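> please find the sequence and the predicted model below.
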Amino acid sequence: MRISALFAAAAVLVLAAPAVAQDLAAGAAQARDRALADPTAWAIAESLTTEVGPRMTGSPAMELGRDWAVAKFRELGFTNVRVESFTTPAWFRGPESAEVVGPVPQKLHILGLGNSASTPKGGLTAEIALFTSWQAFLDQPEGSLKGKIAVVTQRMPKNQDGSGYGFVNAQRTLGPREAAKRGAVGYLVRSLSTDDTRLPHTGNAQAAGIPAAALSTPDAELLERLVARGKPVRVKLDMQSTSNPKAKAYNIVGEIRGTERPDEVIVIGGHLDSWDPGTGAVDDAAGIAITTAAAKLVGAMGAPKRTLRVVMWGSEEQGGSSGAYLAANRAEVPKMVVAGESDSGAGRVFAVALPAGSRAHPAMKAFEAALVPLNVVVSREPPRFGGADIAGITSAGAPFVDFSQDMSRYFDLHHAADDTLDKIDPAELSQNVAVWASFLYTVANSDIDFRAFPKEAK
Ligand code: ZN
Ligand code: ZN
């Protein structure tokens, strides 16, 4: 009698746990399959790039972007739609041109870097000092480039995970400052690009008080060949820009409120701002589209237990949204279940990194099973970085995930005029939504606590 009662109790326990796990697995698979057939993400990316276009922090286009975001959240059925305003420094491009004036006149294709200074009216002309490696440039003593335009032409490696960008990033972000330290009057850097078109790729740099621009990759190679001929090469730069140290910026938020534990919040999103030469399609209309569509889809499957929150961060490129988001939501960080940002383009996901130790939890087992047909694996390592806009809340303790996308083509387009909607593959975009939707389903409908796992567990 006693023994059979124990058996009965044990049987109930054994049955109860798998039933929940099975529900999660079935829900995750259903979220995945619905996502693969759902055109919502494509429609969002199409709408943002067409109706708003490029949207620099502090620009009139960003005001339009803010209004677009509020309207889009409402149209898709999100609640608690709100705008969190902040101020941040913003830089605005004016007319720009560059040319070789000697030994032979040649036009150069450039784009000013964020925070670049203007040249004097009428431009500045100087001899260039060219370095084919970042280290060779750094090896120059202070004052040694006095009166010259420093040029760094180190190439960016092209690879699947986009890590080549990290390798060359300093030559754009820190290059102008290092050039100014050495006495240079201007700075040109080979675009952080993996393509061979004559379109330069812009991006932010630290303010250094000198004009600074990115050269298209063919123009960087042209300068290398001219310098190799041994005669001094003189370049004229004519660049104008303005800036606003306290530009208005906005993080726009929409939610699908949880039914059982609404104060437990899953924070995901992408960044709404973009650079100006393209229409900000892969960077980062794609991330906005993927995360918004995934949250909407999971909400449509039945009220989730926890709250799904999508944030369209308003100033990633020129900075500010991460700190502003933390400042406005700091008290809530302990209740943030997990955070994630999609800001690696629209290429397919090939691996997901989950908070340390969480992989064996039934919710993450259900997620992992849903990933198999998508050709996505769960990484053995926890994520090291989840995204620039969630860096504030993750540094304050919010657990985070990182989904690795195929970035083979991303840096052909990134921050260049070619970052346009036609470069997004709808099937690859849907595969991203499927990964996010499966993840959101399992987390929003389970009690998984990503803070509860020992850090060293795998
Ligand atoms: Zn981005
Ligand atoms: Zn970017």
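Received it, and whenever you're ready, just let me know what you need. Ligands and ions are numbered 1, 2, ... in the order given.
> average pLDDT for the host helix or strand of Leu429?
Leu429 belongs to helix 426-444 when assigned by DSSP states H and E. Mean pLDDT, computed over helix 426-444, is 98.
> can you give me the buried ones in that helix?
Under the neighbour-count criterion of 16 or more other C-beta atoms under 10 Å, helix 426-444 has 428-444 buried. Glycine gets a C-beta too; all of them are placed from N, C-alpha and C.
> stretch 155-162 now?
For stretch 155-162, the neighbour count (16+ other C-beta under 10 Å) marks 155-156, 158, 162 as buried.
> of those residues, which are in range of ligand 1?
With the criterion set as C-beta under 5 Å from the ion, no member of those is near ligand 1.
> which of the residues you listed lies closest to ligand 1?
Comparing these against ligand 1 with C-beta to the ion places Gly162 closest, at 11.3 Å.
> ok, residues contacting stretch 234-245?
Stretch 234-245 has contacts (C-beta atoms under 8 Å, 6 or more residues apart in numbering) with 58, 89-102, 108, 110, 112, 115-119, 122-128, 149, 186, 188, 211, 213, 223.
> among these, name the ones in helices.
Using DSSP state H, the members of the contacts of stretch 234-245 that fall in helices are Leu223.
> now the buried members of the contacts of stretch 234-245.
Using 16+ other C-beta under 10 Å as the burial test, the contacts of stretch 234-245 include 58, 89-93, 96-100, 108, 110, 112, 115-119, 123-126, 128, 149, 186, 188, 211, 213, 223 as buried.
> what about Val338, which SS state?
What DSSP: H, G, I helix; E, B strand; the rest coil gives for Val338 is strand.
> of the contacts of stretch 234-245, which belong to strands?
Among the contacts of stretch 234-245, the ones falling in strands (DSSP state E) are 89-102, 108, 110, 112, 124-128, 149, 186, 188, 213.
> how much space between the residue in the stretch 101-250 of the chain that ligand 1 sits nearest to and Leu113?
The stretch 101-250 of the chain approaches ligand 1 most closely through Gly203 (9.9 Å), counting by C-beta to the ion. Noted for Gly203: a distance of 6 Å to Leu113, by C-beta to C-beta, to the nearest Å.
> more neighbours: which of those two?
Using other C-beta atoms under 10 Å as the criterion, Gly203 and Leu113 rank with Leu113 on top: 30 against 21.
> that one contacts Ala207, doesn't it?
No. Contact criterion C-beta atoms under 8 Å: Leu113 and Ala207 do not qualify, at 10.0 Å.
> who touches both of the two?
Residues touching both Leu113 and Ala207 (C-beta under 8 Å, 6+ apart): Pro176.
> just checking: what are the partner strands of the one helix or strand Val151 maps to?
Assigned by DSSP H and E, Val151 belongs to strand 149-152. Note on strand 149-152: by DSSP bridges, its sheet partners are strand 124-131 (parallel), strand 186-190 (parallel).
> for these, give me JSON lines that also has distance to ligand 1 and mean pLDDT.
Formatted as JSON lines, these follow (distance: least, C-beta to the ion, whole Å; pLDDT from 0 to 100):
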{"stretch": "strand 124-131", "distance to ligand 1": "28", "mean pLDDT": "98"}
{"stretch": "strand 186-190", "distance to ligand 1": "19", "mean pLDDT": "98"}
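> ok so Val298 is a strand residue?
No. Assessed with three-state DSSP, Val298 is helix; it does not lie in a strand.
> what does the pLDDT read for it?
The per-residue pLDDT reported for Val298 equals 98.
> likewise Val14?
For Val14, pLDDT reads 44.
> and Glu456, by the same measure?
pLDDT at Glu456 comes out at 57.
> let's number from 473 now, not from 1
Fine by me, first position is 473 from now on; the one you just mentioned is Glu928.
> show the contacting residues for Tyr798.
That one is not Tyr; residue 798 is Leu. Leu798 sits next to 805, 864-865, 867-868 when contact means C-beta under 8 Å, 6+ apart.
> which of these tops the neighbour count?
Ile865 (23 neighbours).
> pretty sure it contacts Met808?
Yes. Taking C-beta under 8 Å as the definition, Ile865 is a contact partner of Met808 at 6.3 Å.
> which neighbours do those two share?
Val739.
> who in the stretch 573-722 of the chain is up against ligand 1?
Residues of the stretch 573-722 of the chain found near ligand 1 (C-beta under 5 Å from the ion): none.
> now do the stretch 723-872 of the chain
By the rule C-beta under 5 Å from the ion, the part of the stretch 723-872 of the chain lying against ligand 1 is 755-756, 815.
> dump the residues you listed into TSV; add neighbour count and secondary structure as well.
Formatted as TSV, these follow (neighbours: other C-beta atoms under 10 Å; DSSP: H, G, I helix; E, B strand; the rest coil):
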residue	neighbour count	secondary structure
Asp755	25	helix
Asp756	32	helix
Asp815	23	coil
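> could I get those as a markdown table with pLDDT?
Written out in a markdown table, the entries for these read as follows (pLDDT from 0 to 100):
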| residue | pLDDT |
| --- | --- |
| Asp755 | 98 |
| Asp756 | 98 |
| Asp815 | 98 |
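> go through the residues you listed and say which is closest to Arg670.
Checking those against Arg670 by C-beta to C-beta gives Asp755 as the nearest, at 19.9 Å.
> contacting residues around the closest one?
Residues near Asp755 by C-beta under 8 Å, 6+ apart: 746-747, 815, 817, 882, 885-887, 891.
> helices along the stretch 773-922 of the chain, start to end?
In the stretch 773-922 of the chain, the helices defined using DSSP state H, counting those that start in this stretch lie at 793-801, 834-843, 863-867, 882-885, 898-916.
> by mean pLDDT, point me to the weakest helix or strand of the chain.
helix 474-508 (a mean of 71; mean pLDDT, DSSP states H and E).
> mind checking how far the closest residue to Arg856 other than its chain neighbours is from Ala622?
Closest residue to Arg856 apart from its sequence neighbours, by C-beta to C-beta, 6 or more residues apart in numbering: Asp874 at 7.5 Å. Per C-beta to C-beta, Asp874 is found 35 Å from Ala622.
> one more: Phe911?
45 Å.
> low-confidence stretches in the protein?
Filtered on pLDDT under 70, the chain yields the residue ranges 473-491, 927-930.
> report the residue ranges of every domain in it.
For the chain, automatic domain parsing gives the domain ranges 499-560+718-924, 567-713.
> most packed of those?
domain 499-560+718-924 (a mean of 21; mean count of other C-beta atoms under 10 Å).
> distance between the ends of it?
Separation of the first and last residues of domain 499-560+718-924 by C-alpha to C-alpha, to the nearest Å is 24 Å.
> again with stretch 890-909
Taking C-alpha to C-alpha as the measure, stretch 890-909 stretches 29 Å from start to finish.
> quick one: contacts for Gly791?
By C-beta under 8 Å, 6+ apart, the contact list for Gly791 reads 560-561, 676.
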